[in-house]
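Asks: model the following, please.
(chains A and B)
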Amino acid sequence: MIAVLFVLFGFAAAAFGQYNLTATVDRTVVAPGESVSLTLTFSGAASGISDPVFSGFENLQLVAGPYTSTNISIVNGRSSMSASYTYRLRAGQAGTGRIGSVKVRYKDQEYASGETVIRIGTTVASAPVGGGGGSEDVFVRVFADKTEAFLGEQITLTYKIFFAVQITSPEIMKLPRMAGFWVEDYKMPAQLALADEVVNGRAYKSAVFRKVGLFPTSTGELEIEPLVIATKIEQRSRRQSRDPFDIFNDPFFQLGRQLAPVEISAPGIKLQIKPLPEAGRPANFSGAVGSFKIMSAVDRTECLTGDGITFTVTLDGMGSIKTLPPPEIAFPPDVQRYDPEVTDNIQRNQRRIGGRKIFSYVIIPRAPGLLTLPEISYSFFDPERSGYATATTPKLTVEVKKGEGSAAMPSNITVASKQGVTSIATDIAFVKSHPGRRIASADLPHQRPAFWIWAILPWLGAVSTLALERRWERRRDARTDRRRMAKLALREIAHAEKAARANRTDEVIRRIAGVLDGFVDAVVTLTGARPTADELRPHWEAGGFSPELLPRILDAQAECDRIRFAGGKPTTEQARRLIGTTAEIVRDFARPPHAKGSAR
Amino acid sequence: MKRILVFLFLLGFGVSTAQAETASGFEDGLAAYRSGEWDKAAAAWENAIRSGNAGGALLYNLGNAYYRMQQTGRSILWYERAHRLLPRDPDVKGNLELARLAVIDRIEPPVRLIIWDWIDAVRDYLSLRELALLFHLTGALALVLLLLWRFGPGVAARSMRSALIGALLLVAVAGSWYAWRAVLDGQACGILMDEQANVFSAPDAVSTQVFTLHEGTKVRMGERLAGWVNIRLADGRQGWVLSHSVERI
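Replies: Reported below is the predicted structural model:
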C-alpha cells in the first residue's frame, strides 16, 4: 500500500521535474582534526537514486558514512520528497579543506552538487577567556560602543556568546544591576543570528543574545556588573584515535546526547560618565540629552469661548524618550488648561534608541479674541556634537469667538464664566483657641452621685408634696378656717367697739350676736348639725373645738339674746361687757387647742 | 459650721486653681502649636488634662498635635474622646475622618438598613452630659407642673393634668435616651497604638495568630487576662492582643 503511495508521489514529483542535489556542512570553520559532517540532499525523490560519487576531498578525510534517510512531507497539500546521505569527515591540517562536487544518477539523469570549502584554523591551547564559568569551548563577551560618555548619552552594550561546541539557547540567570543608568532593551530577533568567528586562532560560532541602550543618570565611574547566563553543553570526547573501529564510540552515533548544564558570566564593564559642560548651556535647559526636533499643532484654528481645543507638542529624535523633561510652555492667562496627556513611542530597532514623545494639552479659552499659543523652545545637549542646541516651534494663533451663552446678556453686565473651586489640598482643621466648657471628671455622669441626687429630687419633691398635701387638707379644717373666722370675728368686734364709742349700742349688740351666731354657724357648717346646747356639745367636741369654750359661747349667746329681746336700749356697760367676753372667747378660739391649759 | 465654710472656701479655691492651671496649660500649648512645636504643645495639653477640667476643645487640640506629629493612633484616640463630648462639632468630625484615612486596616462592617444609620445619628446628636442635663431638666419641669397643678391658684385642672402627663413622658424619653447613649459610651472601645499588633486566638503568644492589626484601628475591648485583652472588630472577628497595644477611648 505504502509502496503504491511512493510510486504515485514519485510520478507526481516526476511530473513536476524538480530534482536537486545539494551538499551542506554543519560547520564551515573547524579546528584541525575535528569532525565535520557533510549532508547530501537529493530533493524530489526518495528512492531509486544511485550512490553518490565524490570527485575528491582536499585536506579532509572521509571517516564514516553514508547514512541515508528519506523524508516525505506534505505541507499545505503539497508533497515533497527527499533523500539525504550523511558522511563524517575529519579535518586535516590548518588551511583550507575542499569537498569536490558530488554526483548522483536518477532516472538516467545526472545531478551534481557544488563544491564545498571549509576553513581549518590552528589549535592553540588557550587560557579561558571571557569570565568565570566559561571555558575555551564556550564564553560570553560584552562590548560597549564607547566607554566614556556624557550624562544622558546613549552607550550601547552588546552581549555575545561564543561557542565551539553545541549548546542550547542561553538563558539569562542574573541580570546585571545597572545602577545609575536608565536602560532600554533593544529588540532581539526570535531566532538568534549566528556568525562564524575566529578567536585566538580557534573557530567559534557567535550570537548576540542581548543588546541594551544605557543612558547614564549620574556622573563619575560607573560599573556594570557581570551578567550570568545558563546553557547546556554537549559532552564531547576528545579522543582523536585513528582506530577505524572507534567510529562506533563516536558520540555522534550515540542515541542520546549528553548535555551538561553550565553557568557562564560575562565580565563587568567600567564606564566613565562626564557631566554636561557648563559652557554654552542655554537658560531653559532642563536636562534633555540626545538630538530632537520639536513640533506643535492645534486641532482647530477657530473656536468659541468654552470650547476645548487640543494643543499637541511633539518631541521627535534620538535619546531616552521616557525620561525627557516636558517643554516649558507659557500659556496665555485667560485659558483654562488641564494636565497634558503624555504618550511615548519608542523605536528600539535602530542603531540608537529614539522615538517620539507627544504632549497633548486640552485648553479652553474663556475670553473671545485672538488666542496666541506661544512659541516653544526646547534645549538639549547633543553628545554627537558635544554641544547644546535649541529647537523651537513657531507661534500658533486661534481665533476665539464669543460663545452662544453670553450673547443674550446686555453688554454692561459682567458675567464671569463660572468654574468650580478646585481643591488644591486637604488638611485638618486648625486647633480651637477657646477651652470652652470644662468637664469636672472623666467619669460618665451616671457614675457620679450628683446625677442620681438630681434625678431623685423631683420625685422626692413630688411625693413629699403629695403626702403633705393630704395632711394640710385635714389641718385646714381645724386651723386655717379657725384663723379666718377669728379674723372676721375680730373685725366685727372692732366695728362693735366703734359703735360702742358712738354709743350705738344696738349696733354693738347686733354685731356681737352676729359673731356669736357665727360660732354656731361654724358648727352647723362644719358638722352639719342643728344646735341645741346638748346636741351641740358632742358635735362641738367632735369638731375639735375646745370643750370649755362652748358653755361660754352659749352663755354669752344667752346673754345677748336676753339683752336683745328684753327691749329698750342696752346699756353701754352691758355692751362693753359683752364685747369683752366675746373677744376673749374669740381669742381663745383662735389659739390652737394644745396651747390651752386644762379646762376651767 | 465654721469648719464647713472653711472647707467649702478651700474647695472653691482649689477648683478655681485647677481651672486656672488648665487655662494656662491650654494657652501654652496653643502658643507652642502655632510656632510648629507639636511635641511641646502635646505635652502642655496633656498636663492640662491631667490637672482636671478638660473640655472637648482641649481633647480636640491634642488630637491635632498628634496628627501633626503623624502619630495616627494617638490622634484618633483624642479625636474620639473629643467627639464624645462634642458630637456635633464639624471640626472634630472632619478631622476624625481625615485621621482615619491614614489607618491601614480596612474592616467591612456588616451591611445594615439605612434606617439604623439615621437612628444612630439621632442617638449621637447629644453628648452624654447634655443628655443628663436634659433628663434633670425634664424632671424639674414635671415637678413644677405638679406643684402648679395641686397648688396653683385658679389654673384649669384638666389642662394642667395633661401638661403634667406630657412632662412625665418627656422625662421617660429623656431618661431612655440617656440610657441608650450611656450604653454606647459605656462600651469599652479602644484604639490600637502599636504600628503593628499581632492578634492571637488565646492570651498566649504561642497560640495561633489569627490576624494582624495596624495603628489607629478602632476595636471593642472585652475581657482582660494576664496582660492581654480580648478585642472584637466591627466585622465580628475577635482575638487577644497585648493590653498595652490598645488604649481605651
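Asks: tell me how many other residues crowd the closest residue in space to residue A:177 that isn't next to it in sequence.
Replies: Spatially, and ignoring its direct neighbours in sequence, residue A:177 is nearest to residue A:225 (5.3 Å; C-beta to C-beta, 6 or more residues apart in numbering or on different chains). No exception for glycine: its C-beta is placed from N, CA and C like everyone else's. Counted with other C-beta atoms under 10 Å in any protein chain shown, residues neighbouring residue A:225 total 16.
Asks: again, but for the one 3 residues further on
Replies: Residue crowding around residue A:228 was assessed by other C-beta under 10 Å; the count is 19.
Asks: next secondary structure after whichever strand or helix holds residue B:32?
Replies: Element membership for residue B:32, per DSSP states H and E: helix B:2-34. Sequence-wise, the next helix or strand downstream of helix B:2-34 (DSSP H and E) is helix B:38-50.
Asks: report the buried residues of that following helix.
Replies: Residues of helix B:38-50 classed as buried by neighbour count (16 or more other C-beta atoms under 10 Å in any protein chain shown): B:38, B:40-49.
Asks: what's in contact with that helix?
Replies: Helix B:38-50 has contacts (C-beta atoms under 8 Å, 6 or more residues apart in numbering or on different chains) with B:21-22, B:24-26, B:28-30, B:32-33, B:54, B:58-59, B:61-62, B:65-66, B:68-69.
Asks: for chain A, give me the ranges with low pLDDT.
Replies: Per-residue confidence for chain A (pLDDT under 70) gives these ranges: A:1-17, A:122-135, A:235-257, A:403-412, A:415, A:417, A:440, A:474-481, A:523-533, A:592-600.
Asks: alongside chain B, which residues does it contribute?
Replies: A:426-442, A:444-446, A:451, A:454-455, A:457-459, A:461-462, A:465-466, A:469 (C-beta under 8 Å from any C-beta of the partner chain).
Asks: of the residues you listed, buried ones?
Replies: Neighbour-count burial (16+ other C-beta under 10 Å) is assigned, among those, to A:428, A:431-432, A:435, A:438-439, A:444-446, A:451, A:454-455, A:458, A:461-462.
Asks: go through those and flag which are in helices.
Replies: A:451, A:454-455, A:458, A:461-462 (DSSP state H).
Asks: from the contacts of helix B:38-50, which are also near chain A?
Replies: Answer for these near chain A (C-beta under 8 Å from any C-beta): B:22, B:26, B:30, B:33, B:54, B:58, B:61, B:65.
Asks: quick one, what contacts the last one?
Replies: The neighbourhood of residue B:65, defined by C-beta under 8 Å, 6+ apart, consists of A:431, B:29, B:33, B:38-39, B:41-42, B:45, B:75.
Asks: for those, give me a markdown table that also has distance to residue A:542.
Replies: Shown next, in a markdown table, are these (distance: C-beta to C-beta, whole Å):
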| residue | distance to residue A:542 |
| --- | --- |
| A:431 | 79 |
| B:29 | 79 |
| B:33 | 83 |
| B:38 | 87 |
| B:39 | 87 |
| B:41 | 83 |
| B:42 | 82 |
| B:45 | 77 |
| B:75 | 81 |
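Asks: for the residue nearest to the spatial centre of chain B, what is the enclosing helix or strand?
Replies: Residue closest to the average C-alpha location in chain B (C-alpha atoms, centre = their mean): residue B:84, at 3.0 Å. Assigned by DSSP H and E, residue B:84 belongs to helix B:72-85.
Asks: mind checking the SS state of residue 136?
Replies: You didn't say which chain, so I picked chain A. Under DSSP: H, G, I helix; E, B strand; the rest coil, the three-state class of residue A:136 is coil.
Asks: oops, I was thinking of chain B
Replies: Per three-state DSSP, residue B:136 ends up helix.
Asks: wasn't residue B:205 part of a helix?
Replies: No. Checked against three-state DSSP, residue B:205 lies outside a helix; its state is coil.
Asks: from residue B:73, how far out is it?
Replies: 21 Å (C-beta to C-beta, to the nearest Å).
Asks: more neighbours: which of the two?
Replies: residue B:73 (22 against 11).
Asks: based on its surroundings, how many neighbours for residue A:482?
Replies: Residues near residue A:482, counting by other C-beta under 10 Å, number 19.
Asks: oh sorry, the question was meant for residue B:248
Replies: Residue B:248: 12 neighbours (other C-beta under 10 Å).
Asks: wait, what's in contact with it?
Replies: B:188-190, B:221.
Asks: run through who's touching stretch A:54-74.
Replies: For stretch A:54-74, the surrounding residues in contact (C-beta under 8 Å, 6+ apart) are A:6, A:9, A:35-36, A:38, A:40, A:46-47, A:51-52, A:79-93, A:95-103, A:118, A:120, A:247, A:250.
Asks: that concludes my questions; thank you for your assistance.
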